[in-house]
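Participant: Fold the stuff below for me.
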Amino acid sequence: MIDLFKEMNPVMQAFIGTLFTWGMTALGASLVFFVKGANQKFLDSMMAFAGGVMIAASYWSLLAPAIEMSAEGPVPNWVPAVVGFLLGGVMLLWIDRLLPQMDTDKYLGDIKDNKAKNRTALLVFSMTLHNIPEGLAVGVAFGALASSGTESTLAGAVALALGIGIQNFPEGTAVSMPLHRDGMGKKKSFMFGQFSGMVEPVSAVIGAVAVIFIEPILPYALSFAAGAMIFVVAKEIIPGSHEKGNVNLASISLMLGFAIMMTLDVALG
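Facilitator: Presented below is the predicted three-dimensional model:
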């Protein structure tokens, strides 16, 4: 099996690698099926946990790699991170203002509260957006094999896909649980949760095919996704987890989510 994988085209290797990362996202999202009769405190804590996961992922999965990739670039290494980060926040601000004018009932009709509906839409969008540059990164790593093709480069690409896949487990949970908390059914919450990882195989193939063109803009794309996620956490996730008065529990849960995601990112980085 391993020898067969080594002999595959780098594009196919990238696709298979991100099928794993998508599967881990779906596995994390599936935890929503095991929540039975959860009370408001538990649901608020899970929403705050999601915020902690997103904050940690924004730095260790997105901003730190973006800064590292920019070290040999034509501009100071902090420039792509700052530019992409701020643009991501501006993009989400624009989308937040646009959402009330959009008909979201087709997909989010089972969430009755309009504020929760907007929060749900922003959460799903930002987490999906965050997975696009991760998929591109895997695609670029495998696509580079076409020019180098060394054993060590293949091992690095596989390790990257493995690391992102394991990190995607809590991220899938971070989408499905808050959606269920806001009134969405378990099946639909799972579908949206796993959908956030579905973009990775597509973007990985694009990255592997267009490795020469994608690599220079990757730091900006990673930072853009980080800015979008931080905007959602600051505007929707933290205030939402405090709505019912469970402030201390939500704060502890956010720190726990941050600590777990930080541990995964650093240990697998």
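Participant: Any regions of this structure where pLDDT drops low?
Facilitator: Across the chain, residues meeting the criterion (pLDDT under 70) sit at 1-2, 37-38, 100-110, 146-153, 269.
Participant: ranges for the helices of it?
Facilitator: In the chain, the segments counted as helices under DSSP state H are 2-7, 10-29, 40-56, 64-69, 78-98, 105-108, 114-143, 151-181, 186-209, 211-214, 218-232, 238-242, 247-268.
Participant: Mean neighbour count added to those helices, as a markdown table?
Facilitator: C-beta: built from backbone N, CA, C; applies to glycine. Converted to a markdown table, these look like this (neighbours: other CB atoms under 10 Å):
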| stretch | mean neighbour count |
| --- | --- |
| helix 2-7 | 9 |
| helix 10-29 | 23 |
| helix 40-56 | 24 |
| helix 64-69 | 20 |
| helix 78-98 | 18 |
| helix 105-108 | 14 |
| helix 114-143 | 25 |
| helix 151-181 | 22 |
| helix 186-209 | 23 |
| helix 211-214 | 16 |
| helix 218-232 | 27 |
| helix 238-242 | 20 |
| helix 247-268 | 17 |
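Participant: Kindly format the C-alpha coordinates of stretch 44-61 as PDB.
Facilitator: What follows is stretch 44-61, C-alpha atoms only, in PDB (Å, rounded to 0.1, in the frame of the first residue of the first chain):
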ATOM      1  CA  ASP A  44     -22.500  27.300  26.000                       C
ATOM      2  CA  SER A  45     -19.300  25.700  27.100                       C
ATOM      3  CA  MET A  46     -19.000  23.900  23.800                       C
ATOM      4  CA  MET A  47     -19.500  27.200  21.900                       C
ATOM      5  CA  ALA A  48     -16.800  28.800  24.000                       C
ATOM      6  CA  PHE A  49     -14.600  25.700  23.400                       C
ATOM      7  CA  ALA A  50     -15.000  26.300  19.700                       C
ATOM      8  CA  GLY A  51     -13.800  29.900  20.100                       C
ATOM      9  CA  GLY A  52     -10.700  28.700  21.900                       C
ATOM     10  CA  VAL A  53     -10.000  26.200  19.100                       C
ATOM     11  CA  MET A  54     -10.400  28.900  16.500                       C
ATOM     12  CA  ILE A  55      -8.100  31.400  18.300                       C
ATOM     13  CA  ALA A  56      -5.300  28.800  18.600                       C
ATOM     14  CA  ALA A  57      -5.800  27.600  15.100                       C
ATOM     15  CA  SER A  58      -5.600  31.200  13.800                       C
ATOM     16  CA  TYR A  59      -2.100  31.600  15.200                       C
ATOM     17  CA  TRP A  60      -0.400  28.200  15.100                       C
ATOM     18  CA  SER A  61      -2.100  26.800  12.000                       C
END
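Participant: centre of the chain versus it, how much separation?
Facilitator: Relative to its chain's centre, stretch 44-61 lies at 10 Å (CA atoms, centre = their mean, to the nearest Å).
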